[in-house]
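1. okay, sequence plus prediction incoming.
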Amino acid sequence: MADLEKSDVTFHKAYYTTQDKLIMSRDVTIVLDGQGDATDTIPASALGFKSFEGSSTLTEDDNSAIVVGIASFDKSILLLQDSNAPGTFTGTFRGVVNGRAH
């Protein structure tokens, strides 16, 4: 597989979550084709961020899966949790991601 690209992301709504406007939350839909681990990544840049600060759970479009998104140690990629380890997922997911916009 390959890393998620910006063309695989639909942006619905964005808002700053801190008064200094450093952290932004974005409601997004992402179309995954085997991404979510440290090899086939979801990079912060694909979602318009410099780095990730966190994520809500992501829900698949048919409500068949709920996935937890967690920022990597260096905050450059979003890891999706499959049991107790990062895993890859295929499908269309929606959730809120948080990151540094500047």
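-> It's in.
2. just give the closest residue to Lys75, not the sequence neighbours.
-> Sequence neighbours aside, Ser51 is the residue nearest to Lys75 in space, at 4.0 Å (criterion: Cβ to Cβ, 6 or more residues apart in numbering). To be clear about C-beta, it is placed using only N, CA and C from the backbone, and glycine gets the same treatment.
3. give me the number of residues near that neighbour?
-> For Ser51, the count of nearby residues is 15 (other Cβ atoms under 10 Å).
4. and it, what does it touch?
-> Going by Cβ atoms under 8 Å, 6 or more residues apart in numbering, Ser51 touches 44, 71, 74-76, 99-100.
5. what does the model give it for pLDDT?
-> Here the pLDDT value assigned to Ser51 is 97.
6. likewise for Phe89?
-> For Phe89, the model assigns a pLDDT of 96.
7. surely it touches Asp33?
-> No - with contact taken as Cβ atoms under 8 Å, Phe89 and Asp33 are classed as non-touching, separated by 9.1 Å.
8. between the two, who's got more neighbours?
-> Higher neighbour count among Phe89 and Asp33: Phe89, with 21 against 13, using other Cβ under 10 Å.
9. and the more buried one, what are its bridge partners?
-> Note on Phe89: beta-bridge partners Gln35, judged by DSSP bridges.
10. can you offset everything so residue one is 5?
-> With the count now opening at 5, the last piece we talked about shows up as Phe93.
11. list the contacts of it.
-> Per Cβ under 8 Å, 6+ apart, neighbours of Phe93: 36, 38-40, 69, 71, 84, 86.
12. adjacent strands (with direction) for the lowest-mean-pLDDT helix or strand in the chain?
-> Lowest by mean pLDDT, DSSP states H and E among the helices and strands of the chain is strand 89-90, with a mean of 89. As defined by DSSP bridges, the strand partners of strand 89-90 come to strand 82-86 (antiparallel).
13. and stretch 71-81, end to end?
-> 15 Å (Cα to Cα, to the nearest Å).
14. show me where the protein dips below the pLDDT cut-off.
-> Residues of the chain meeting the criterion pLDDT under 70: 5.
15. that'll do, ta.
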